[in-house]
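K.L.:
Have a look; sequence and predicted model below, questions after that.
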Amino acid sequence: MTPPKADPKDQLLDAALMHVPFDGWSPATFNAAIKDSGLDPALARAVCPRGSVDLAVAYHRRGDAKMLEGLAEADLANLRFRDRIAKAVRLRLEAGDREAIRRGSTLFALPHHAPEGAGLLWETCDKIWTALGDTSDDVNWYSKRATLSGVYSATLLYWLGDTSEGHQATWSFLDRRIDDVMQIEKLKAQVRESPTLSRLMAGPNWLLSHIKAPRGQRDPNLPGRWTPPR
């Protein structure tokens, strides 16, 4: 039986990675990847119409896939939920080469690529929550992912500049950010339990109750849905 051919985009990505630390996710890297992979240039541009930008997106999603594999293999049963979140973020940061990730962060910080970068960040956080068993279908679906996006992006920036042994400073930073989030959750619980504050929040809570998460096979870059009141 003839073995299946490797995916052309994967071939290009593998060939590009040795050039990214020097040239970033640039046309020079893409052209070098075409040459090194031996792919037909027409095929390379067909699978990556935007050149190295498409490779940077593929690299990000490869990191997501590696993180999910790590979570599937990890023993999370005895971990507190906050520690499961920390584990997932740590696995994601360790799922790729730091210089390639740094170059990707620089690329997606550019104004014309920033919306896509934000979408990829949201996609990563959605995958983390989904892998950890989140079943929320209301406004919490958004608040969980938005909060984790803030934690993840702050930790990523800290990690990129961390020179401590084993990145221990980063993991301590991550723990502190999760502690901050847990304080917010405690405050929300106090608001719900207070009769006076509950009455004050009745209107906003009614409005928020009609916001629903996307259904089925969703595009994480698209908004959710609104359930009109009856």
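P.N.:
Thanks, I have the structure now. Numbering: from 1, shown residues only.

K.L.:
which intervals of the protein have sub-threshold pLDDT?
P.N.:
1-5, 184-212, 215-230 (pLDDT under 70).

K.L.:
again, only this time at 50
P.N.:
Counting by pLDDT under 50, the chain shows low-confidence ranges at 1-4, 197, 200, 206-208, 210, 217, 222-230.

K.L.:
show me where it has helices.
P.N.:
Applying DSSP state H to the chain gives helices spanning 8-16, 20-23, 27-37, 41-47, 52-73, 81-93, 98-109, 114-131, 139-160, 168-193, 195-200, 202-208.

K.L.:
Any idea which of the ones you listed gets closest to residue 214?
P.N.:
helix 139-160 (8.1 Å; CB to CB). Where you see a C-beta, it was placed from the backbone N, CA and C, and this is true even at glycine.

K.L.:
Quick one: residues in contact with the closest one.
P.N.:
With contacts defined as CB atoms under 8 Å, 6 or more residues apart in numbering, helix 139-160 is touched by 85, 89, 92-93, 98, 101-102, 105, 121-122, 124-126, 128-129, 134, 136, 167, 169-170, 173-174, 177-178, 181, 184, 208-209, 211-213, 224.

K.L.:
which of those are buried?
P.N.:
Neighbour counting with 16 or more other CB atoms under 10 Å marks 85, 89, 92-93, 101-102, 105, 121-122, 124-126, 128-129, 167, 170, 173-174, 177-178, 181, 211-213, 224 as buried within those.

K.L.:
from memory residue 108 sits against residue 115, does it?
P.N.:
No: the criterion here is CB atoms under 8 Å, and residue 108 misses it with residue 115 at 9.1 Å.

K.L.:
out of these two, which sits in the busier spot?
P.N.:
Using other CB atoms under 10 Å, the more surrounded residue of residue 108 and residue 115 is residue 108, with 21 against 11.

K.L.:
Who are the contact partners of residue 17?
P.N.:
Counting by CB under 8 Å, 6+ apart, residue 17 has contacts 59, 97, 100.

K.L.:
correct me, but the last one touches residue 20?
P.N.:
Yes: judged on CB under 8 Å, residue 100 makes contact with residue 20 at a distance of 4.8 Å.

K.L.:
More neighbours: the two, which one.
P.N.:
Neighbour totals were compared for residue 100 and residue 20, and residue 20 leads with 26 against 21 (other CB under 10 Å).
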